[in-house]
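Enquirer: Fold the following, please.
(one chain, ligands or ions: 1)
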Amino acid sequence: MLRVAALSGLGGLLFGYDTGVISGASGFIADEFDLGDSALEVVVAAVLAGAIIGALLAGQLTGRFGRRTTILFASALFIVGAVGSALAQSAEMLIGARVLVGIAIGITSLAVPLYIGETAPARHRGAMITLFQLAITVGILVATLVDEAFSASEGWRWMLGLAVVPAIVQFGGMVTAPASPRWLVERGRVDEARAILGRLQPDEDLDGLMGEIQKDIATSTAGNLRDLLAPALRGVLIIGVTMAVVQQVTGINTVIYYDVNIFERAGIGDASDAIWAAVFIGLVNVLSTFIAIRFIDRIGRRPLLMLGLCGMIIGLFLIGLAFAWPGPESGGLISELAVLGMVVYIVSFAASLGPIVWVLIAELYPTRVRGPAMSVATMANWTANLIVALTFLTLLDELGEAETFWLYGLIAIASLLYVWRKVPETKGKTLEQLSIELGTVEDPKRDL
Ligand code: BGC
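Expert: So this is what the prediction gives:
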């Protein structure tokens, strides 16, 4: 089971690396191809646009070809995209390669949590899916370090190309990984499913679990997009989409990707100090994810989410305050407050909203509609990510720095209320028990 999680976790590494690496490479790319601001924006946004497409495709791919094969396909795309980016001879070719990488990321962001969620035993499922988030944070950190290492030589091709290494490892590893037992049952391949489940979860009651899975599949509606709007599913679909959007519109990627910029604006030393400060933030992001790994299956998703959102609200308020503090005579206070605010914010996100959104999206839906439902939620996540990326700098200029972070803070307060009122607790139950509890497989006509 750990091998399964570690392998597919490489997908998280590629997700984090490939979204993160562009911030250090973009300046050199602009020089090489002589790009203006808006052309460069297209290069940077290509990955996010690709990810939206990938998330759309992944719902169908995971249903038709299976979860494992879909991850294999994404690994191949990662390889082609990395090599294509590294060798690009024109901006157009680079954009094309980055869209491919984006599609791979979008597919991965759906297929990996789905695959881990379907293969993990219920009582460790939260922690196992959180390994995916851990890998994302490691990927972001490695990207910052690689950018730093190659910036003196302006080696943007290396920065983008190095992603080929984990992609090849993932491809090789997934070839021998087992298929998802729940997908196999859905395809009528019950004996294979049973054998795999017995191997992956030797301590569980195999007959009981197989019975639950078969019943879940027999009693839920078929998995096409229209079925998602059926009353029984609509509620959980809205929860998944809302949480996916909340993860982005509370500002995480402004802090992760503009941290150098924020530190510079807050008056921290020179550019190189600011880069090391960014490495520090990346490290805090990685380490704090362990808080989630430790607690997500013990105290549960809801308490962790609510605590984390409280911390994020405090952090955003502090960052805003650092910018609003009057006059340079207050000296170091502005930058210390900014750093404190960012640390509080990142710790809180990494321990809650970061992993738990991926966990919830993978848990809320019954097997037959899991792919398409996750597709809608994951697309919403990437679309919100793109919108925040395209609006952040404008918001800073139009609203002001303090006000922008306070705005994210206000959204975080609304999100906290939403979680408190609407988000169900999902810890410790099998995916099939959850379907029954959430009412997503209710079908009175079929009493098995
Ligand atoms: C989010 C990413 C974010 C990352 C930060 C992920 O869960 O989906 O948008 O960059 O966490 O660690």
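Enquirer: Which positions in stretch 287-301 come out as buried?
Expert: Across stretch 287-301, burial judged by 16 or more other CB atoms under 10 Å covers S288, T289, I291, A292, I293, F295, I296, D297, G300, R301. To be clear about C-beta, it is placed using only N, CA and C from the backbone, and glycine gets the same treatment.
Enquirer: Okay, now that stretch: how far is its last residue from its first?
Expert: Criterion CA to CA, to the nearest Å; first-to-last residue distance in stretch 287-301 is 19 Å.
Enquirer: So is that stretch next to the ligand?
Expert: No: applying CB under 6 Å from any ligand atom, one finds stretch 287-301 separated from the ligand by no less than 7.9 Å.
Enquirer: Contact residues of the stretch 1-150 of the chain facing the ligand?
Expert: Q133, I136, T137, I140.
Enquirer: For these, which single residue is the most surrounded?
Expert: The most crowded member of these is I136, carrying 30 neighbours; neighbours defined as other CB atoms under 10 Å.
Enquirer: quick one: contacts for the residue nearest to that one when sequence neighbours are not counted?
Expert: Nearest residue to I136, sequence neighbours excluded (CB to CB, 6 or more residues apart in numbering): G16, at 3.9 Å. Neighbouring residues of G16 by CB atoms under 8 Å, 6 or more residues apart in numbering: A135, I136, T137, V138, G139, I140, L141, V142, A143.
Enquirer: What distance do you get for the second one to S109?
Expert: Here I136 is placed at a distance of 9 Å from S109 (CB to CB, to the nearest Å).
Enquirer: what's the overlap in contacts for the two?
Expert: The contact lists of I136 and S109 share F15, where a contact means CB under 8 Å, 6+ apart.
Enquirer: D297 in helix, strand or coil?
Expert: Secondary structure state of D297, per DSSP: H, G, I helix; E, B strand; the rest coil, is coil.
Enquirer: now it, nearest residue through space, not along the chain?
Expert: G126 is the one closest to D297 (CB to CB, 6+ apart), at 4.5 Å.
Enquirer: can you pull the pLDDT of the one you found?
Expert: Predicted confidence (pLDDT) at G126: the value is 95.
Enquirer: Which strands and helices lie in contact with the host helix or strand of it?
Expert: Secondary structure from DSSP states H and E places G126 in helix 125-151. When contacts are defined as 3 or more CB pairs under 8 Å, 6 or more residues apart in numbering; DSSP states H and E, helix 125-151 packs onto helix 2-20, helix 22-33, helix 91-119, helix 156-161, helix 271-295, helix 353-363.
Enquirer: surely R368 meets S220?
Expert: Yes: R368 is within contact range of S220, at 4.6 Å (criterion: CB atoms under 8 Å).
Enquirer: Look up how far Y257 lies from F171.
Expert: 28 Å.
Enquirer: and stretch 20-39, average pLDDT?
Expert: On average, stretch 20-39 scores 90.
Enquirer: ugh, wrong one, stretch 260-267
Expert: 72.
Enquirer: any idea how far it is from the chain center?
Expert: Remark: stretch 260-267 is offset 25 Å from the chain centroid, using CA atoms, centre = their mean, to the nearest Å.
Enquirer: what do you get for stretch 275-289?
Expert: 17 Å.
Enquirer: Output the residues of the stretch 1-150 of the chain next to the ligand in a markdown table; the columns should cover pLDDT.
Expert: Listed next are those as a markdown table, based on pLDDT from 0 to 100:
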| residue | pLDDT |
| --- | --- |
| Q133 | 96 |
| I136 | 96 |
| T137 | 97 |
| I140 | 95 |
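Enquirer: ok, those residues vs I275, which is closest?
Expert: Distance ranking of those against I275, using CB to CB, places I140 first at 13.8 Å.
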